[in-house]
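Novice: Structure for this input, please:
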Amino acid sequence: MKADPRVHWFDVDVSDPEAVRARINDWTEERTRGRIRNLLSPRSIDQMTRLVSTSALHFQAEWRRPFRKEKTAPRPFTRADGTEIPASMMQSWMKARFARGEEGRMLELEYVNGYVFHALLPDAPSGLERLEAQLTPATLNRWTDSLESCEVDVWLPKFQREAEYDLASELSALGMARAFDPARADFSGIGRSSDGQPLYLSKAVHKTFIDVNELETEAAAATAMLTVTMAMPKARPRLEEFHADHPFLYMIRNGTNGTILFTGRMTGR
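Specialist: Numbers count the residues shown, from 1 in each chain. All right, here's what the predicted structure looks like:
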């Protein structure tokens, strides 16, 4: 089997945990073009750490139909609790793919590189959680299958977000609880530590960055899994309307096979 050139392995000496952490953070920062920094916090690696599995992703692409900066204007964004905050709202009347469902609307905006931006907007500001609860691979496919090209009056907030998550509880809820339990974890397929002790996951850290503006979208993400040993103006006729002035879900996807690179929620918080 040929080695995957996108995968980089390096051995480290955990007798100097902070040097190891710095090397991993530098690797992640380089591959996300400086957008994800300090993925691993101080003292997150110690001499019991045996393996750190890290992934990094950077995406940057221009819109196929850019928004005009002079049309961006302040408008209120209504949060789920009904309160309003000011938002810098990009606006354009454009040809785009659009679908309307029982719980809301879906908009597809194209990038020049073949990827697409999908936004799912519930009908009411308080409807995002209900929409997300009903979202499965099958329902998402139904949404995308119903997309049709038409003229759409688009309002989309210009935003930049950074977030950091400890994924241990989320991954446990998805069925990986055993992997985080020193007494039940089974990583025998990987092997044991050099001192013969069994391995388990101690931490799962994830950081993201996204910048959506008139010309382009830039996004980056990185995840680290730490394995330790026991002891981590002119009016036009209106056809369709997509005014994202309240909480919505967004995704960046491969326009050919539908693979999701990034997903997030804009809530105004």
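
Novice: what's the burial count for M176?
Specialist: Using other Cβ atoms under 10 Å, M176 has 16 neighbouring residues. For every residue, glycine as well, the C-beta is placed using N, CA and C.

Novice: quick one: pLDDT of it?
Specialist: pLDDT for M176: 87.

Novice: I'd guess it is in a helix, am I close?
Specialist: Yes: using DSSP: H, G, I helix; E, B strand; the rest coil, the secondary structure at M176 is a helix.

Novice: I'd like the distance between it and I260.
Specialist: 19 Å (Cβ to Cβ, to the nearest Å).

Novice: what's the answer for P74, then?
Specialist: For P74 relative to I260 (Cβ to Cβ), the value is 31 Å.

Novice: Looking at those two, which is more packed in?
Specialist: Using other Cβ under 10 Å as the criterion, P74 and I260 rank with I260 on top: 12 against 9.

Novice: Is I24 in a helix, a strand, or coil?
Specialist: Three-state assignment for I24 (three-state DSSP): helix.

Novice: From R43, how far off is it?
Specialist: 14 Å.

Novice: Those two - which one has more neighbours?
Specialist: I24 (21 against 9).

Novice: Check which residues of stretch 155-165 are buried.
Specialist: 155-157, 159 (16 or more other Cβ atoms under 10 Å).

Novice: same for the worst-scoring helix or strand of the chain on mean pLDDT, what does it pack against?
Specialist: The weakest-scoring helix or strand in the chain, judged by mean pLDDT, DSSP states H and E, is strand 216-229 (a mean of 78). Contacts defined by 3 or more Cβ pairs under 8 Å, 6 or more residues apart in numbering; DSSP states H and E place strand 216-229 against helix 17-31, strand 49-62, strand 199-212, strand 260-266.
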